[in-house]
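1. Provided below for reference: sequence and predicted model.
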Amino acid sequence: MFESLEQVREISAKWLQSYNEERPHDALAGLPPAIYRAQLERGSSPLTVSR
């Protein structure tokens, strides 16, 4: 299935990056974390904190 342990590490790292940064998250109003973070830094997040 894999040619080497290094290949497994490379594929895993790419998947982890995509999973954590690029795919939409329900908890972030359907936004990927990278986009949510950019909006949050600009002060234009679609999510608000209730007080």
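-> Yes, it's here.

2. what helix or strand does Glu6 sit in?
-> Remark: Glu6 resides in helix 5-17, with elements defined by DSSP states H and E.

3. and the contacts of that helix?
-> Where contact means Cβ atoms under 8 Å, 6 or more residues apart in numbering, the residues beyond helix 5-17 that reach it are Phe2. All C-beta spots, glycine's among them, are computed from the backbone N, C-alpha and C.

4. put the alpha carbons of that helix into PDB.
-> Output in PDB follows, covering the C-alpha atoms of helix 5-17 (Å, rounded to 0.1, in the frame of the first residue of the first chain):
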ATOM      1  CA  LEU A   5       7.500   5.100   6.200                       C
ATOM      2  CA  GLU A   6       8.500   8.500   4.800                       C
ATOM      3  CA  GLN A   7       5.700   8.300   2.300                       C
ATOM      4  CA  VAL A   8       3.200   7.600   5.100                       C
ATOM      5  CA  ARG A   9       4.500  10.600   7.000                       C
ATOM      6  CA  GLU A  10       4.200  12.900   4.000                       C
ATOM      7  CA  ILE A  11       0.600  11.700   3.100                       C
ATOM      8  CA  SER A  12      -0.400  12.000   6.800                       C
ATOM      9  CA  ALA A  13       1.000  15.500   7.100                       C
ATOM     10  CA  LYS A  14      -0.900  16.600   4.000                       C
ATOM     11  CA  TRP A  15      -4.100  15.100   5.200                       C
ATOM     12  CA  LEU A  16      -3.700  16.700   8.700                       C
ATOM     13  CA  GLN A  17      -3.100  20.100   7.200                       C
END
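
5. spatially central, which residue of the protein would that be?
-> Nearest to the mean C-alpha position of the chain, by Cα atoms, centre = their mean, lies Glu21 at 1.9 Å.

6. tell me where the chain has helices.
-> Counting by DSSP state H, the segments of the chain that form helices are 5-17, 33-42.
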